[in-house]
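Visitor: Sequence first, then the predicted structure:
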Amino acid sequence: MATRSCASRDASDEINDPGAAPYGNFINYYTFNPPENRLSLIPATLLQDLGSSDDQQTTLLLDVGCNSGELSVAFYKHLVQESVSEESNRRKVNLLGFDLDEILIQRAQQANHLPSNISFIPLDIIKGTDQLQDYLNQHGCSNFHLCLCLAVTMWVHLNHGDSGLLQLLSSLASISQHILLEAQPWKCYRSAARRLRKLGRSDFDHFKNLKIRGDIAEHAREHLERNCGMELIQSFGSTTWDRKLLLFRRR
């Protein structure tokens with residue numbers, strides 16, 4: 001699964017360029033976009049604010065395109081340390097992170113100090129969600145309470161076209177009660193394509209034929225609300241890279 005970055009800062013290009021990581025699977029991603037860039041915008045009380053996940057005894061979180069897992073672990077600690085302090089909220093919270101890069105997943109697994117609560121698996125969601133459904137079934141849950149899709153959309157869009165982007169959003173909406181979405185803006189698409197050309201590599205297969213352009217976050221909102229039964233309920237503002245963090249809820 002594509003991971004989070006448009007490599008928009010020149011300082012990181014030498015070790016994290018889109019030619020070396022055409023799916024966004026940068027090997028040192030969190031050195032130039034640390035977890036705090038997102039977590040500073042997200043309240044630690046988010047899980048309580050969203051309420052319980054129906055009658056499920058376990059609250060499940062999903063991190064799409066988790067890279068080497070630093071944000072997954074930091075996000076879990078950020079939310080769960082607050083929720084477990086509340087006497088009225090003793091639910092077990094588990095997080096599953098996945099990425100299509102098996103080497104990054106191995107790094108995430110090796111560095112994971114919370115294996116009873118956090119798991120990492122290699123997965124390309126474009127090829128299907130059976131593994132995610134199996135995980136839900138194992139925990140007796142019908143859906144993930146909260147899905148993180150942070151700076152993933154562009155890489156799926158560039159590598160799988162408009163249909164791939166819409167398929168990703170539809171797939172996540174079908175298994176999630178809430179989605180926290182950070183879509184890369186169109187300027188990141190241009191930067192990624194320009195760097196490929198500068199490196200003498202072929203352009204992304206779908207870049208020139210994309211019809212979904214401009215305000216990608218707005219296109220994603222329209223699809224989620226019109227076709228996936230979701231509604232935008234909150235914006236947490238923009239990250240230091242000028243990307244909106246949008247929270248959607250199933251109607």
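Guide: Arrived safely.

Visitor: contacts and neighbour counts: CA atoms only from here.
Guide: Fine.

Visitor: Make sure Phe75 is indeed in a strand.
Guide: No: under DSSP: H, G, I helix; E, B strand; the rest coil, Phe75 falls outside any strand and is assigned helix.

Visitor: Grab the nearest non-local neighbour of it.
Guide: Leu39 (6.9 Å; Cα to Cα, 6 or more residues apart in numbering).

Visitor: Hmm, His78 and that neighbour touching each other?
Guide: Yes: with contacts counted by Cα atoms under 8 Å, Leu39 reaches His78, the gap being 7.5 Å.

Visitor: which one of those two has more residues nearby?
Guide: His78 (19 against 16; other Cα atoms under 10 Å).

Visitor: quick one: the residue lying closest to Ala44 once chain neighbours are set aside from His160, how far?
Guide: Distances taken as Cα to Cα, 6+ apart put Leu79 closest to Ala44, at 4.8 Å, once the chain neighbours are dropped. Distance from Leu79 to His160, counting by Cα to Cα, to the nearest Å: 33 Å.

Visitor: Same question for Arg38.
Guide: 26 Å.

Visitor: So, low pLDDT: which residues of the protein?
Guide: Within the chain, the ranges that satisfy pLDDT under 70 run 1-20, 52-56, 82-90.

Visitor: rerun that using 80 as the cut-off
Guide: Applying pLDDT under 80 to the chain flags the ranges 1-20, 52-57, 81-91, 199-202.

Visitor: what about the strands in it?
Guide: 58-64, 92-99, 118-122, 146-150, 178-182, 230-238, 244-250 (DSSP state E).

Visitor: Dump those strands into TSV; add mean neighbour count as well.
Guide: Listed next are the strands of the chain as TSV, based on neighbours: other Cα atoms under 10 Å:
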stretch	mean neighbour count
strand 58-64	24
strand 92-99	22
strand 118-122	21
strand 146-150	25
strand 178-182	24
strand 230-238	16
strand 244-250	21
